[in-house]
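Asks: Quick one: sequence and predicted model below, then my questions.
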Amino acid sequence: MATCSSSIVADEEINDPGAAPYGNFINYYTFNPPENRLRLIPSTLLQDLGHSDGHESTLLLDVGCNSGDLSVAFYKHLVQDPVSREESDERKVHLLGFDLDEILIQRAQKNNPLPGSISFIPLDITKDTDQLQDYLNQHGGSHFQLCLCLAVTMWVHLNHGDDGLLQLLSRLASFSQHLLLEAQPWKCYRSAARRLRKLGRSDFDHFKTLKVRGDVAEHAREHLETNCGMELIQSFGSTTWDRKLLLFKRR
């Protein structure tokens, strides 16, 4: 299991995004609180997508969940009376959040207010997906009804190149019925590289050789629709950081 040692940084680096080359900021939700996304997402989303009926569990996935603040807020935003739902033996909504930073996951687990419905695990999706399949098997599901991939693509792209980005999208599409994607625009790539250099660190391995540039969200859409059997069905607009929230559905 991958552990990202960059969470342990000098005090003067803690508030600098360059101190987290994998996007594993230790204070992420202090400068990008969950409300920045949730205000764009209807609380009826699960019902709108047809995932509130029947007797099977609804399974949600949060990719790169950091300390879990958004995972919990998103769950409460979509699930009416989550405490009663957690105590019920009837069909549940379950959410699995994962991040490659074990320290952040430990914080998420410690602060989890709904451990019966929300789980957090350390996982590097670029290396392993077995735990995701195990989770699906545990809950009797073949796929996640909704997968969140919010502000994650750039970090995979910078650290694993074009192939890593496209592989990530393909993997998410393979076990998701719906995918809610927020891809960072190219200006964020330049800022991340600049901040890393400012700290005197080596540049991202792939930054100068990436061929997928410009409108990264459009590149992602094209790959998902052309190669992954998904289609864009809705845009929820842009966040306060000018990033589009795009919803895809498996055909």
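Replies: Yep, it's here.
Asks: Not counting sequence-adjacent ones, nearest residue to Leu210?
Replies: Nearest non-adjacent residue to Leu210, counting by CB to CB, 6 or more residues apart in numbering: Asp162, 5.9 Å away. In this view, the C-beta of every residue, glycine as well, is placed from N, C-alpha and C.
Asks: can you pull the pLDDT of the one you found?
Replies: Listed pLDDT for Asp162 reads 98.
Asks: try Glu56
Replies: 77.
Asks: That one contacts His143, doesn't it?
Replies: No - Glu56 is beyond contact range of His143, at 11.5 Å (criterion: CB atoms under 8 Å).
Asks: Lowest mean pLDDT among the helices and strands of this structure, which one is it?
Replies: helix 82-87 (a mean of 66; mean pLDDT, DSSP states H and E).
Asks: phi, psi of Lys244?
Replies: phi -80, psi 140 (degrees, to the nearest 10).
Asks: Burial check on it, number of neighbours?
Replies: A count of nearby residues for Lys244, using other CB atoms under 10 Å, gives 18.
Asks: so it makes contact with Ser238?
Replies: Yes - in this structure Lys244 lies within contact range of Ser238 using CB under 8 Å: 5.4 Å.
Asks: For the stretch 1-150 of the chain, just list every one of the strands.
Replies: 58-63, 93-99, 118-122, 146-150 (DSSP state E, counting those that start in this stretch).
Asks: Redo the ones you listed as CSV? Include mean neighbour count and distance to Lys249.
Replies: Formatted as CSV, the strands of the stretch 1-150 of the chain follow (neighbours: other CB atoms under 10 Å; distance: least, CB to CB, whole Å):
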stretch, mean neighbour count, distance to Lys249
strand 58-63, 26, 15
strand 93-99, 25, 19
strand 118-122, 22, 24
strand 146-150, 24, 10
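Asks: Can you add distance to Leu45 and give the ones you listed back as CSV?
Replies: Formatted as CSV, the strands of the stretch 1-150 of the chain follow (distance: least, CB to CB, whole Å):
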stretch, distance to Leu45
strand 58-63, 10
strand 93-99, 11
strand 118-122, 17
strand 146-150, 8
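Asks: Ile26 is nearest to which of those?
Replies: strand 93-99 (11.5 Å; CB to CB).
Asks: which helices and strands sit right next to the closest one?
Replies: Strand 93-99 is packed against strand 58-63, helix 69-78, helix 102-110, strand 118-122, helix 130-138, with contacts defined by 3 or more CB pairs under 8 Å, 6 or more residues apart in numbering; DSSP states H and E.
Asks: what's the angle from that strand to helix 69-78?
Replies: Orientation check (axes from the mean of the first three to the mean of the last three CA atoms, to 10 degrees): strand 93-99 against helix 69-78 gives 160 degrees.
Asks: residues in contact with the residue nearest to Leu210?
Replies: Going by CB atoms under 8 Å, 6 or more residues apart in numbering, Asp162 touches 206, 210-212.
Asks: Go again with 10 Å.
Replies: 206, 209-213, 219 (CB atoms under 10 Å, 6 or more residues apart in numbering).
Asks: Could you do Ile233 as well?
Replies: Contacts of Ile233 by CB under 10 Å, 6+ apart are 49, 178, 246-249.
Asks: now do 7 Å
Replies: 247-249 (CB atoms under 7 Å, 6 or more residues apart in numbering).
Asks: What confidence value was assigned to it?
Replies: In this model, Ile233 is scored at 98, pLDDT.
Asks: where along the stretch 151-251 of the chain do the helices fall?
Replies: 153-174, 186-198, 216-227 (DSSP state H, counting those that start in this stretch).
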